[in-house]
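# Requesting a structural model of the entry that follows:
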Amino acid sequence: MVCLSDVALVGALTLAAVGLAGCGDDSAGTTSATDGSTGASTTDDGTSGSSSDSAATSEGSTTGGTTTGGATSPTTSDSDSDATTGTSAGTTEGTTGGAEPYPEPDAWGPNQGPGGPQVAFSPDQLYQHCAYLDGGMDGDLGGGEKHDTFEHHNHVQMFDGYLLMPWAPEFGLNSGITFYDVSDPCAPVAVGSAQDNDMRESHSLGFAAVDGRWYMAANYLKQLSLTDGGILIWDITDPKDAKVVSKLKLPGFLYPDAYKLVTLSVFWQYPWLYVAGADNGVYVVDASDPQAPKLAHQYKFDPILRAGQVSVVGDVLMVTAAEGTRTALLDVSEPDFPQPIPGGDFDIEAEAYFSNLAGGYGYYARKQGGGGVLVWDLRDPQAPKPAGDYLSDGNGGYVFIKDEFAFVGESNFASIYDLSDLGDIKPVTQMHLTGDLDTITPIGNVVVLAVDDKSEKDKASAIAPWQEAVDTKPPTVTWSVPAEGGAVGGVRSRVGVTFSEFVDIKSVHAGSVRLYEAGMDPAEGRVDGDLSVQELIVNFAPREPLKPATEYTLEIPAGGVVDYNGNAIAESFTLNFKTGG
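Below is the predicted model:
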């Protein structure tokens, strides 16, 4: 990440870019929330509105309380603006309750696009660039382009069978998203692209389906502003016609310091959108209506934790410091009222830039005294412990997990590490790309390298093979919250699992992830709920409170959930747990 800490410098940049300000569609209205740092509810300060060429967007009021270290409960000003569980705004994959039989596990497709890479490579092609990605459509390229002019890229994901690449500098000008057909990864084809100049550098993307439409959350900074920032939400139902439908200003946001008071990452455990707000803590946004998100609560740490990365599995929220050593595990069994988990606030061995959560382990991209990867065992959230480390001569950026491998951007290079033995982590290879190489994202048998500063023109992202064969390995479930035979924290609890790799978002549906009362016919005991996916994490959120003192079964049947290459989970997974009371 580029670090701009000089207001004058940002002013010069923004004034220089005024000519670009009309490039994107910035018609979505903005919801504004006032600072709730005193613990009082936020106040109304906007009106409703809609864009002329997209779904209605919100400029309405927001309410929410603030806690410091989990001291008080959230407050609201009236019932209409309370954060709710969104029972009327379920995902397309939400169940309907009653004795309705489940759909078949594979009854979800097809995607519009062809899916992940379908090309094999020879040994001499491995780790070499075979294509570059530039935001916008192919016909837009050239010296007069009005898109992706700053060439700041980060991570990518697959959606609807296409590679989705955001392109946005941290100061939020000349930004957008592009979808690519990467079935032949060395000859990618842009199939859809859209701009919104208020999207800022996004270190994570959250997805949800609501009333038959698909949405994606990212970071927001209104162009030519230093204080109007937070999150924005895209409608990506049609990758060839994506639009921003809402923007939410969050209290306390302040740029140009790139780390101190800005939004750094998001995690959408529908209907709740958790937002890492750096020194502002964690915002909990009611995103049950993606076109009108509302601030429900703000959790502030005492002492301050500079919240950089947020990840949620079931009732456990992992918050890690940006460029720091501290991690806090929070209990979100009351999803709009996070509370500290006893023993879950700890420091790792060295500063890390960003982190990730998979298989019950926290993975950290080390940046102090070198790079590499640090691994902590978080399977018992009350007793985290170190599990492995590897020290390189890099300077950590972001980290992702696929199977037994970690993919770590290290500024001067990007690394792949073999995690088969956490006591003896081994480097597999290093790859290079001109610029600040902070990100390497695995997509099947290729990776996408990305730099967020000082790239060569039109080469801020590069595709490189890392395995010879096309990916045919199916995903497996690697961790669950709660654990088998365990108990959830409350009747508003959610259930979450992690997979061994990123999974296809649309393959997670009512037939492929099921929750029902144990000991009953699944159709009779079926629980109405919403499903959400972010990278390799899948969460199930019941729409109504669970019954107290009741046993439940989460079932993920074979043949349902698939990875980016369409490989389906081969063995069914079941989890039995109970509620208290």
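
# hang on, isn't Ala558 packed against Ile569?
Yes - applying Cβ atoms under 8 Å, one finds Ala558 in contact with Ile569, separated by 5.8 Å. Just so you know, the C-beta spots here come from the backbone N, C-alpha and C atoms, and that holds for glycine as well.

# So those two - more neighbours on which side?
Just comparing Ala558 and Ile569: by other Cβ atoms under 10 Å the higher neighbour count belongs to Ile569, 24 against 15.

# how near is that one to Leu515?
Taking Cβ to Cβ, to the nearest Å as the criterion, Ile569 is separated from Leu515 by 17 Å.

# distance of the nearest residue to Ala350 once chain neighbours are set aside from Asn154?
Using Cβ to Cβ, 6 or more residues apart in numbering and skipping residues adjacent in sequence, the residue nearest Ala350 is Gln368, 4.1 Å away. With distances defined as Cβ to Cβ, the gap from Gln368 to Asn154 amounts to 22 Å.

# Check Ala107 too.
Look at Ala107 and Asn154: by Cβ to Cβ, they are 34 Å apart.

# circling back: Gln368 and Asn154: which has the busier surroundings?
A side-by-side neighbour count of Gln368 and Asn154, using other Cβ under 10 Å, places Asn154 first with 26 against 16.

# Can you pull the phi/psi pair for that one?
Backbone dihedrals for Asn154, given as degrees, to the nearest 10, come out at phi -130, psi -130.

# got a list of what it touches?
166, 201-203, 398, 438-439, 450, 452 (Cβ atoms under 8 Å, 6 or more residues apart in numbering).

# mind listing what's buried in the helix or strand harbouring Ala541?
When secondary structure is defined by DSSP states H and E, Ala541 falls within strand 537-542. If you call a residue buried by 16 or more other Cβ atoms under 10 Å, then strand 537-542 has these buried ones: 537-542.

# Then stretch 184-194?
Buried residues in stretch 184-194, defined by neighbour count with 16+ other Cβ under 10 Å: 185-186, 188, 190-194.

# between those residues, which is closest to Ile348?
The nearest member of those to Ile348, counting by Cβ to Cβ, is Pro185 at 34.5 Å.

# my guess is the closest one contacts Gly115, does it?
No - look at Pro185 against Gly115 with Cβ under 8 Å: they stay out of range, at 11.4 Å.

# what about Ala483, neighbour count?
Residues within reach of Ala483, counting by other Cβ under 10 Å, total 14.

# Doesn't it lie inside a helix?
No - assignment of Ala483 by DSSP: H, G, I helix; E, B strand; the rest coil gives coil, placing it outside any helix.

# how near is it to Gly314?
The gap separating Ala483 from Gly314 is 10 Å, by Cβ to Cβ.

# Val119 too?
37 Å.

# neighbour-wise, which of these two wins?
Gly314 (29 against 17).

# how close does Phe346 sit to Ala321?
From Phe346 over to Ala321 the distance is 11 Å, taken as Cβ to Cβ.

# which helices and strands sit right next to the biggest strand by length in the chain?
Counting by DSSP state E, the longest strand found in the chain is strand 339-358. Using 3 or more Cβ pairs under 8 Å, 6 or more residues apart in numbering; DSSP states H and E as the contact criterion, the elements in contact with strand 339-358 are strand 307-313, strand 316-321, strand 324-331, strand 361-366, strand 371-377, strand 385-392, strand 399-402.

# so which of those strands gets nearest Gly229?
Ranking those by proximity to Gly229 (Cβ to Cβ) places strand 307-313 first, at 14.7 Å.

# Can you list the low-confidence ranges for this structure?
Residues of the chain meeting the criterion pLDDT under 70: 1-68, 70-98, 138-146.

# surely Pro522 meets Glu100?
No - using Cβ under 8 Å as the test, Pro522 is too far from Glu100 to be in contact (10.4 Å).

# Who has more neighbours out of the two?
Between Pro522 and Glu100, counted using other Cβ under 10 Å, the more crowded position is Pro522 (16 against 13).

# Tell me who's in contact with the more buried one.
Shown in contact with Pro522 (Cβ under 8 Å, 6+ apart): 102, 514, 516, 553, 555.

# Among the residues you listed, which one lies nearest to Asp134?
Arg514 (42.0 Å).

# can you tell me how far the residue lying closest to the closest one once chain neighbours are set aside sits from Gly115?
When the adjacent residues along the chain are set aside, Arg514 lies closest to Glu555, with 4.6 Å between them (Cβ to Cβ, 6+ apart). Here Glu555 is placed at a distance of 25 Å from Gly115 (Cβ to Cβ).

# Which one of the two is surrounded by more residues?
More neighbours sit around Gly115 than around the other of Glu555 and Gly115, counting by other Cβ under 10 Å; the figures are 24 against 18.
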